[in-house]
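>>> sequence below, structure please.
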Amino acid sequence: MKIGLDIMGGDYAPKAIVLGAIAAHQSLSANEHLVLIGDTQQIKPLLSEQGFNPDHFEYVHTEEVIGMGEHATKAILQKPNSSISVGFQLLKEGKIDSFASAGNSGAMLVGAVFSVKPIAGISRPCLCTIVPKLKGGAGLLLDVGANADCKPDNLLEFGVLGSLYAEHIMQIESPKVALMNIGEEDEKGNMLTLASHRLMKEKASFNFVGNVEGRDLFNDKADVIVCDGFTGNIMLKLAESFYVLTIKKGLKDEFFDRFNYENYGGSPVLGVNAPVLIGHGISSPEAVKNMIFQSRDMINTGLVGKIQAAFQ
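Below you'll find the model as predicted:
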């Protein structure tokens with residue numbers, strides 16, 4: 001198994017990424033290898049500082065970096081030797097089994113769609129995030145930003161993708177899938193949610209439990225909550241702020257501690273033909289370590305193959 005990691009992506013790259021890779025290495029088995037993609041001239045001194053044997057990793061040297069503020073499509077095309085572009089080329093050629101980066105999220109999405117391409121039958125790949133539940137455990141929210149505008153067919157696809165992720169990665173049996181709406185009743189909502197609800201009720205190949213409201217995000221009414229990327233991204237950013245607010249207010253609470261993004265690693269891009277993960281731009285070594293473990297889980301469970309089979 002070869003887990004590709006962009007060393008140059010993120011606000012604290014390359015140091016935070018290298019430290020995360022070192023931390024993850026301790027828990028990887030002999031057949032699980034990390035492939036570090038980036039400027040080896042910057043990577044090697046960081047390993048030496050930590051007294052870490054560089055032979056534990058494989059390296060692919062790159063000389064260009066896609067900045068966080070760059071236009072995603074232009075950067076992918078104009079910087080073929082960037083760590084993100086090279087990472088996707090390796091993934092496309094099967095030289096790595098997954099690719100993760102805390103760099104430019106737009107470039108990661110564009111790169112995933114251009115290189116390994118969406119799975120046949122999926123019109124829009126999406127991003128998902130883990131949501132802590134008040135009584136313990138976790139749920140899934142998707143889409144959280146890949147598709148600001150959606151059609152009912154897209155939300156139906158997201159339901160399938162979320163259900164498969166919850167079942168195989170989160171080990172939730174027959175996950176309950178719900179549609180985020182402004183009321184629980186079938187007739188509530190805007191044009192998108194009304195049409196999506198009908199579609200899910202009629203055609204869903206998953207355990208559809210109807211509408212939920214914003215207040216249900218952290219309870220047990222649903223394991224997977226589906227929405228368009230505009231709504232999902234607002235909810236994600238709001239939820240992330242809870243942890244920051246508790247820190248600023250000096251509050252210590254086990255539930256709100258679980259809102260710390262570091263615990264979850266990255267957001268998987270669901271619906272493409274290989275495991276791709278996008279980390280938070282401010283990813284710390286702990287977050288990078290968990291993103292690597294997430295990559296490993298997606299490879300080990302054969303999630304992409306299961307999604308491909310579901311859309312045949």
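>>> residues contacting residue 62?
8, 37, 38, 39, 81, 82, 83, 86 (Cβ atoms under 8 Å, 6 or more residues apart in numbering). Every C-beta, even on glycine, is put in place using the N, C-alpha and C of the backbone.
>>> what's the local residue count around the fifth one?
Meaning residue 81. Around residue 81 there are 12 other residues, counting by other Cβ atoms under 10 Å.
>>> residue contacts, it?
62, 63, 64.
>>> pLDDT score for residue 203?
On the pLDDT scale, residue 203 is placed at 82.
>>> same check, this time on the one 5 residues further on
Looking at residue 208, its pLDDT stands at 97.
>>> same thing with residue 249?
95.
>>> check this protein for its longest helix and report it.
Secondary structure of the chain per DSSP state H: the longest helix is helix 229-248.
>>> from residue 67, how far out is residue 41?
Noted for residue 41: a distance of 19 Å to residue 67, by Cβ to Cβ, to the nearest Å.
>>> of these two, who's got more company?
residue 67 (14 against 9).
>>> how close does the closest residue to the more buried one other than its chain neighbours sit to residue 272?
Closest residue in space to residue 67, ignoring its immediate chain neighbours: residue 104 at 6.8 Å, by Cβ to Cβ, 6 or more residues apart in numbering. Going from residue 104 to residue 272 by Cβ to Cβ gives 17 Å.
>>> compare these two (neighbour count), which wins?
residue 104 (27 against 22).
>>> show me the contacts for the residue nearest to the spatial centre of the chain.
In the chain, the C-alpha nearest the mean C-alpha coordinate belongs to residue 267, at 1.6 Å (Cα atoms, centre = their mean). For residue 267, the contacting residues are 127, 128, 129, 144, 277, 278, 279, by Cβ under 8 Å, 6+ apart.
>>> mark which of these are part of strands, please.
Members of those lying in strands (criterion: DSSP state E): 127, 128, 129, 277, 278, 279.
>>> may I ask which of these has the most neighbours?
residue 279 leads these on contacts (other Cβ under 10 Å) with 31 neighbours.
>>> number of nearby residues for the closest residue to that one other than its chain neighbours?
Excluding its sequence neighbours, the residue lying closest to residue 279 (Cβ to Cβ, 6+ apart) is residue 102, at 3.3 Å. Per other Cβ under 10 Å, the neighbour tally for residue 102 reads 32.
>>> tell me the mean pLDDT for stretch 96-111?
Rounded mean pLDDT across stretch 96-111 is 97.
>>> now do the helices in the stretch 1-150 of the chain.
Counting by DSSP state H, counting those that start in this stretch, the stretch 1-150 of the chain has helices at residues 15-25, 40-49, 72-78, 83-92, 105-115.
>>> any chance of the ones you listed in TSV, plus distance to residue 192?
Below are the helices of the stretch 1-150 of the chain laid out as TSV (distance: least, Cβ to Cβ, whole Å):
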stretch	distance to residue 192
helix 15-25	38
helix 40-49	45
helix 72-78	25
helix 83-92	31
helix 105-115	21
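>>> for the most far-flung residue of the chain relative to its centre, give me its contacts.
The C-alpha centroid of the chain is most remote from residue 187, which lies 32.0 Å away (Cα atoms, centre = their mean). Neighbouring residues of residue 187 by Cβ under 8 Å, 6+ apart: residue 194.
>>> do the same with residue 306
Residue 306 sits in contact with 164, 168, where contact means Cβ under 8 Å, 6+ apart.
>>> any idea of the pLDDT on it?
97.
>>> and the gap between residue 295 and residue 263?
The value you get for residue 295 to residue 263, if Cβ to Cβ is used, is 16 Å.
>>> who's more crowded, the two?
Between residue 295 and residue 263, residue 295 has the larger neighbour count (other Cβ under 10 Å), namely 28 against 15.
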